[in-house]
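>>> build me a model:
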Amino acid sequence: MKIRIKEDEATSALSQIKTQMSAFMGGMEDALEDKAKDQKESAILTTSSLLLALPAILGLIARLGKAMSSIIKRTIGTASQHQSDSEKYFQQMGRIADELHHLYIKPIELIVRRFVKDPTKAAKAANFIFHAIIAIMCIASGVTAVKALRAKAINLATLETALAAVKGGEVKTYISKLIA
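Numbering: from 1, shown residues only. As a prediction, the model looks like this:
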């Protein structure tokens with residue numbers, strides 16, 4: 001009978017361990033699913049943030065390229081009357097940035113025109129809404145950068161910080177134009 005009691009105790013203990021292990025594994029599975037969901041949401045947010053910042057990034061590259069081209073021309077001493085290939089390239093990149101910016105604002109403007117009949121006011125309202133979205137994405141980039149730093153994901157933190165800076169600069173430029 002003593003052997004039977006020990007077998008029952010062992011079976012009971014094994015049953016309890018099995019139950020606890022199942023609960024632990026279920027918790028781990030839930031945690032992993034939550035982490036995967038967070039990563040998907042973060043990736044979607046980063047991608048959309050990057051796409052919204054693309055016109056500003058292209059414009060920044062175009063202005064920087066034009067400035068560098070001008071500095072190189074002055075340093076080398078070429079005083080050509082014709083536009084160089086690099087100047088044409090950066091000018092075209094600036095136009096693409098402007099077109100992309102207008103491409104983003106156009107759907108917002110079409111929606112706003114349903115409520116605001118004056119085209120000038122509708123364009124201003126659409127521009128405001130677009131920059132409000134940019135400001136929200138700037139804040140989201142900052143939050144994601146902090147989370148990435150805490151998780152020691154330096155690449156993501158660097159990208160999000162750069163995106164926040166670009167978007168912050170774009171919002172600052174918009175606000176300074178409103179005030180002026």
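>>> tell me which residue is most central in this protein.
Central residue of the chain (CA atoms, centre = their mean): residue 49, 2.5 Å from the mean position.
>>> state the distance from that residue to residue 102.
According to CB to CB, to the nearest Å, residue 49 and residue 102 sit 20 Å apart. In short, each C-beta sits where N, CA and C put it, glycine included.
>>> same check on residue 74?
From residue 74 to residue 102 the distance is 33 Å (CB to CB).
>>> looking at those two, which one has more neighbours?
Neighbours per residue (other CB atoms under 10 Å) separate residue 74 from residue 102, with residue 102 holding more: 13 against 10.
>>> not counting sequence-adjacent ones, nearest residue to residue 134?
Closest residue to residue 134 apart from its sequence neighbours, by CB to CB, 6 or more residues apart in numbering: residue 167 at 5.1 Å.
>>> and that neighbour, what pLDDT?
Listed pLDDT for residue 167 reads 89.
>>> what helix or strand is it on?
Using DSSP states H and E, residue 167 falls within helix 154-179.
>>> show me what counts as buried in that helix.
Judged by neighbour count (16 or more other CB atoms under 10 Å), helix 154-179 contains these buried residues: 156-157, 159-161, 163-164, 166-168, 170-171, 174.
>>> hmm, residue 136 and the residue nearest to the centre of the chain touching each other?
No. Here residue 49 does not reach residue 136: they are 9.9 Å apart, not a contact under CB atoms under 8 Å.
>>> check which helix or strand covers residue 144.
helix 119-150.
>>> verify the contact between residue 91 and residue 63 for me.
No. Residue 91 is not in contact with residue 63 according to CB under 8 Å; the separation is 10.6 Å.
>>> contacts only, for the residue nearest to residue 134.
49, 52, 53, 56, 134, 135, 137, 138, 141 (CB atoms under 8 Å, 6 or more residues apart in numbering).
>>> from those residues, which would you call buried?
Buried among the contacts of residue 167 (16+ other CB under 10 Å): 49, 52, 53, 56, 134, 135, 137, 138, 141.
>>> how about residue 114, secondary structure?
When classified by DSSP: H, G, I helix; E, B strand; the rest coil, residue 114 comes out as coil.
>>> residues near it, how many?
Residues within reach of residue 114, counting by other CB under 10 Å, total 8.
>>> any idea how far residue 98 is from it?
Distance from residue 114 to residue 98, by CB to CB: 25 Å.
>>> and if you look at residue 111?
21 Å.
>>> before we move on, what about residue 141?
23 Å.
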